[in-house]
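Undergrad: Model the following, please.
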Amino acid sequence: MKRILFALPLLVMASSAFAAGLAVTNQSGIPMDELYASPVGKNSFGANLMEGVKDGALDNGRTAVLAALADGTYDFKVAAPDEGIECTIKAVAVKGSKLVFTKKEGKACK
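TA: Okay, here's the model as predicted:
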């Protein structure tokens, strides 16, 4: 019984971390309304990671928690249709469930 009580908090912490998703910070200088990931160089973009996230959640300078994505390096397709933005930002690292788009990476979209 003591083992079960000891393991329960660990299980709760693990499930909370999994549910947290990917924390994305946008410092690119461009708005992001849609975000798709692909393994580097594969051009096989999956579903919109921002599905169900309100518009403006990833405007420049903001952070939002999106669908989970495993650590690794990805190409990201970024779109903000109302602003006429659609581009691919290549080879961006996701580490520790965090992703930061920098001004340098944002230049790919201008």
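
Undergrad: residue boundaries of the helices in the chain?
TA: 2-20, 103-106 (DSSP state H).

Undergrad: Just give me the lowest mean pLDDT stretch among those.
TA: When those are compared on average pLDDT, helix 2-20 comes out lowest at a mean of 44.

Undergrad: so residue 85 makes contact with residue 34?
TA: No. In this structure, residue 85 is not within contact of residue 34 by Cβ atoms under 8 Å, at 9.5 Å. For the C-beta atoms, the positions are set from N, CA and C on the backbone; glycine is no exception.

Undergrad: Identify the contacts common to the two.
TA: Common contact partners of residue 85 and residue 34 (Cβ atoms under 8 Å, 6 or more residues apart in numbering): 78, 79.

Undergrad: buried sites along stretch 41-49?
TA: Neighbour counts over stretch 41-49 (16 or more other Cβ atoms under 10 Å) mark 45, 48, 49 as buried.

Undergrad: give the contact list for the closest residue to residue 106 other than its chain neighbours.
TA: Of all residues not flanking residue 106 in the chain, residue 28 sits nearest, at 2.9 Å (Cβ to Cβ, 6 or more residues apart in numbering). Applying Cβ under 8 Å, 6+ apart, we find residue 28 in contact with 60, 78, 89, 101, 102, 103, 105, 106, 109.

Undergrad: Low-confidence stretches in this protein?
TA: Regions of the chain meeting the criterion pLDDT under 70 cover residues 1-20.
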